[in-house]
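**Q** Give me a model of this one.
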Amino acid sequence: MEHLLTPAQKRANKREAKKRALHEEMGSTLNVKKPKVKRKRKPMTTEQRAAASERLALARAKRAPAKNSSVHPDVLALPDEHPVSYVKVKEWLKYNKELLSGLKAQRDSKDSKQRQEFQITEAYVKNIKIYIKDGIWLDHRFGKLMESSTGNICLALSYDTNGNVRRTVGTFYPDLGLEWTNEMDIKE
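**A** Predicted structure coming up:
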């Protein structure tokens, strides 16, 4: 086993051996530490293993569900079918974290497109974390691969000098119940 030790470990062993030899020569046993013997665990029988697994299952069943105290209550309240539910967003976060770890080499790349890909993924991961913590979606894209984009919703109507409602293409208006399009803009 000596060949598996590092040079520092070999030197430490040599020092200890010299110290032990010196103490033995003097007849002293004051500073000699006996090596701690690690006791091996007795192997379990199949019956013991089955009983232990049953006890563990009962203990897991009794345990209270996770409170998710770091997740915003509005995010937790969304149903699993919602486009940005906690379950879906957690999957996106995991996928993009793995993707980000694979893109680490591109962080300092000379190619600007590679650097940009890393930076976009890094920003997306940060925005997902903020959404989970604060309940506010900051990015204009969403989805596992950032494939969907968010839109604007008009919360309060604005009017021009003639008293007509101002509308912007691509914005959802609750009074109409739909998104304002170019065709609607031309008709008015």
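**Q** For whichever helix in the chain runs longest, name the packing helices and strands.
**A** Taking DSSP state H as the criterion, the chain has its longest helix at helix 112-134. Other helices and strands packing on helix 112-134, by 3 or more CB pairs under 8 Å, 6 or more residues apart in numbering; DSSP states H and E, are helix 86-102. Where you see a C-beta, it was placed from the backbone N, CA and C, and this is true even at glycine.
**Q** which stretches of the protein have low pLDDT?
**A** 1, 29-33, 187-188 (pLDDT under 70).
**Q** can I see the domain layout of this structure?
**A** 73-148, 152-187 (automatic domain parsing).
**Q** buried ones in the last one?
**A** Of the residues in domain 152-187, those scored as buried under the neighbour-count criterion (16 or more other CB atoms under 10 Å) are 154, 167, 173, 180.
**Q** Include secondary structure and distance to K129 when you put these into CSV, please.
**A** Formatted as CSV, the buried residues of domain 152-187 follow (DSSP: H, G, I helix; E, B strand; the rest coil; distance: CB to CB, whole Å):
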residue, secondary structure, distance to K129
C154, coil, 29
R167, coil, 35
Y173, strand, 32
W180, coil, 33
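**Q** which one of these is nearest A21?
**A** Of all these, A21 sits closest to C154, with 87.4 Å by CB to CB.
**Q** got the contact list for the closest one?
**A** The contact partners of C154, taken as CB atoms under 8 Å, 6 or more residues apart in numbering, are 168, 171-174.
**Q** redo that, cut-off 7 Å
**A** Shown in contact with C154 (CB atoms under 7 Å, 6 or more residues apart in numbering): 171-173.
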